[in-house]
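>>> Give me coordinates for this.
(chains A, B and C)
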Amino acid sequence: MVNLEQSFAFKINPIAPYDFGLTIRKPMGWSLFSPLEIYQKTTVWTALRLETNLVGLKLSSRGTVNEPCIAAKMYLKEKPPRENLDSIKSSLIHCIGADDDLHEFYAMAKEDSILKHAVEDLYGMHSTSMGDTVFPSAVLAILLQMAPLKRSNDMMDCVIRKYGDVAEFDGKMIHAWPSPGQVANLNPSEFAKTCKIGYRAGRILNLAEKLVKESFPTLRGLEMLSSEDAKKKLLELPGIGDYSADIINPHGGFPIDVWSAEVFSKLFFGKEPENNREAVEDVKNEGVCRWGKWSWMAFFYIVQDLENLSKKLNLKLRLA
DNA sequence: GCGTCCAGGTCTACC
DNA sequence: GGTAGACCTGGACGC
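Presented below is the predicted three-dimensional model:
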């Protein structure tokens, strides 16, 4: 357990529209930074790693969708130098999507026969990231491979509980994702057995080892590259293939797997594919062609709005 | 109760 | 360079 005694309060003014509730806890249940964070009305207590620091966070909404304001209180173990504190704040603002301007995406989406419903239903929802390094997203992507969602969630829960730090602050105890260094030297078979993650244990350990031994760009570093170069870089990571790279890529990909291939086939072509796995490539091409640089945002909005879209478009869309 | 299938992919050996 | 098969586990399903 890590006691985070140093606290820093500040305000965040996200770029409107910004719906705090939809962004912090997505309609399909996706958490902000950790599945073990705590929600209470318009406040969330959570924890993540920013610039190698374990950071405890209390975020409370103090505004509206069109005039958003967030009261943030950040908890650290030690007081960092001023420039580091500013940098950590800036990373946090980026992670919660508060610096993300949705106007251009909305202008495109309102002209799209599928997306127009989703952006109406989820107006002000922003995409978020789980820290400033690729590790949490990459582990999540590996745990999503070849498993039903419930099992992926169970595996993720176990990895965080058993191997992550527990941040103690503001009377709460929040489990955060482990760093690569915390898992790199684990025994593979013991890791696999403890969290029942099977062959994924080896992939996560290889990934952690590479990130510990070699320098790898942060998510912001990858953003500085072109989308294609960022993806190429991500594909160098062990256990990360086309689907996983599209989940991690900060430029946003179109991560189609066998489940989403079925959903998007119905949306694009009005019918269920004969073989979901074989449909992945066609669906991916159609999505990227249709939405281009907004493919990830389109994917994100649609997946979060499947229940409403099923009714509005009169399609039976299998929920995640 | 038991056996079989397959799921929100990736890697590797083999051709 | 293309592709079949292996990989952990557990829930669903048929018998």
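>>> Alpha carbons only: can I get stretch A:157-171 in PDB?
Provided in PDB are the C-alpha atoms of stretch A:157-171 (Å, rounded to 0.1, in the frame of the first residue of the first chain):
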ATOM      1  CA  ASP A 157      -9.400  -7.500 -12.100                       C
ATOM      2  CA  CYS A 158      -7.000 -10.100 -10.800                       C
ATOM      3  CA  VAL A 159      -3.900  -8.700 -12.500                       C
ATOM      4  CA  ILE A 160      -4.600  -5.300 -10.900                       C
ATOM      5  CA  ARG A 161      -5.500  -6.600  -7.400                       C
ATOM      6  CA  LYS A 162      -2.600  -9.000  -7.200                       C
ATOM      7  CA  TYR A 163       0.200  -7.000  -8.800                       C
ATOM      8  CA  GLY A 164      -0.700  -3.300  -8.900                       C
ATOM      9  CA  ASP A 165      -0.100  -0.800  -6.100                       C
ATOM     10  CA  VAL A 166      -2.900   0.200  -3.700                       C
ATOM     11  CA  ALA A 167      -3.100   4.000  -3.500                       C
ATOM     12  CA  GLU A 168      -4.300   5.200  -0.100                       C
ATOM     13  CA  PHE A 169      -5.600   8.800  -0.100                       C
ATOM     14  CA  ASP A 170      -8.700  10.800   1.000                       C
ATOM     15  CA  GLY A 171      -9.900   7.900   3.200                       C
END
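>>> Averaged pLDDT, that stretch. What do you get?
Mean pLDDT, computed over stretch A:157-171, is 97.
>>> List the buried residues of that stretch.
Across stretch A:157-171, burial judged by 16 or more other C-beta atoms under 10 Å covers A:157, A:159-160, A:163-170. Any C-beta I mention is one placed from the backbone N, CA and C, and that applies to glycine too.
>>> what's the answer for stretch A:82-93, then?
Using 16+ other C-beta under 10 Å as the test for burial, stretch A:82-93 gives A:85, A:88-89, A:91-93.
>>> want to try TSV for those residues, with distance to DNA strand C and secondary structure as columns?
Shown next, in TSV, are these (distance: C-beta to the nearest atom of the strand, whole Å; DSSP: H, G, I helix; E, B strand; the rest coil):
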residue	distance to DNA strand C	secondary structure
A:L85	42	helix
A:I88	36	helix
A:K89	40	helix
A:S91	34	helix
A:L92	34	helix
A:I93	37	helix
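>>> Please dump those residues into TSV; it should also carry distance to A:H103 and pLDDT for every row.
Listed next are those as TSV, based on distance: C-beta to C-beta, whole Å; pLDDT from 0 to 100:
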residue	distance to A:H103	pLDDT
A:L85	30	95
A:I88	28	96
A:K89	24	97
A:S91	23	97
A:L92	23	97
A:I93	18	98
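>>> Which member of these is positioned nearest A:P238?
Distance to A:P238 across the buried residues of stretch A:82-93 (C-beta to C-beta) is lowest for A:S91, with 25.7 Å.
>>> Can you name the residue of chain A nearest DNA strand C?
A:G198 (2.2 Å; C-beta to the nearest atom of the strand).
>>> Check whether stretch A:270-277 comes near DNA strand C.
No: for a cut-off given as C-beta under 7 Å from any atom of the strand, stretch A:270-277 has no contacts with DNA strand C; the smallest distance is 10.4 Å.
>>> starting at the chain centroid, how far to that stretch?
Computed by C-alpha atoms, centre = their mean, to the nearest Å, the chain-centroid distance of stretch A:270-277 equals 27 Å.
>>> Could you do stretch A:294-314 as well?
For stretch A:294-314, the distance to the chain centre is 17 Å (C-alpha atoms, centre = their mean).
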